[in-house]
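A.B. asks: here you go, sequence then predicted model.
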Amino acid sequence: MAFPQTRLRRLRRTETLRRMVRQTRLSVDDLISPDELHRRQQSGAPPIVIDVRGPDDYAAGHVPGALLIPADELPS
C-alpha cells in the first residue's frame, strides 16, 4: 500500500522522535506539548530547547530561542 508523501514524512518524523528519545534515555513522559513549551517560555525561567535537526531544517523553521546542535554532533 502506498502512503501519501505527507504521511510518509510524518511517519519518519515520528520514528525519528522515538529514536531520539531512546538515545537520550528520556521517556515519552519527559516530553512536553507545544502549549506547555509556550507557557514555560513565558515564565521567568524558560527551558533550554535544543534542535537536533540539520541546519537546513533549522533554517526552514524552529522554536524561537532554540539552540542548533545537530544530532550527529552530540556526544554519544
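C.D. replies: Noted; the coordinates are in hand. Numbering: from 1, shown residues only.

A.B. asks: give me the pLDDT for the nearest residue to His62 once chain neighbours are set aside.
C.D. replies: Distances taken as C-beta to C-beta, 6 or more residues apart in numbering put Asp51 closest to His62, at 5.1 Å, once the chain neighbours are dropped. Yep, even glycine has a C-beta here, placed from its N, CA and C like the rest. Here the pLDDT value assigned to Asp51 is 86.

A.B. asks: go on, the one 10 residues further on?
C.D. replies: The predicted local distance difference test score for Gly61 is 92.

A.B. asks: how many neighbouring residues does it have?
C.D. replies: 8 (other C-beta atoms under 10 Å).

A.B. asks: and what of the one 3 residues further on?
C.D. replies: Pro64 has 8 neighbours, counted by other C-beta under 10 Å.

A.B. asks: kindly report the same for His38.
C.D. replies: Count around His38 with other C-beta under 10 Å applied: 13.

A.B. asks: likewise Arg53?
C.D. replies: By other C-beta under 10 Å, neighbour count at Arg53 equals 19.

A.B. asks: now it: closest residue in space that isn't a chain neighbour?
C.D. replies: Leaving out its chain neighbours, Arg53 is closest to Pro70 (C-beta to C-beta, 6+ apart), at 6.9 Å.

A.B. asks: what number of residues lie near that neighbour?
C.D. replies: Pro70, neighbours per other C-beta under 10 Å, totals 14.

A.B. asks: before we move on, what about Ala60?
C.D. replies: 9.
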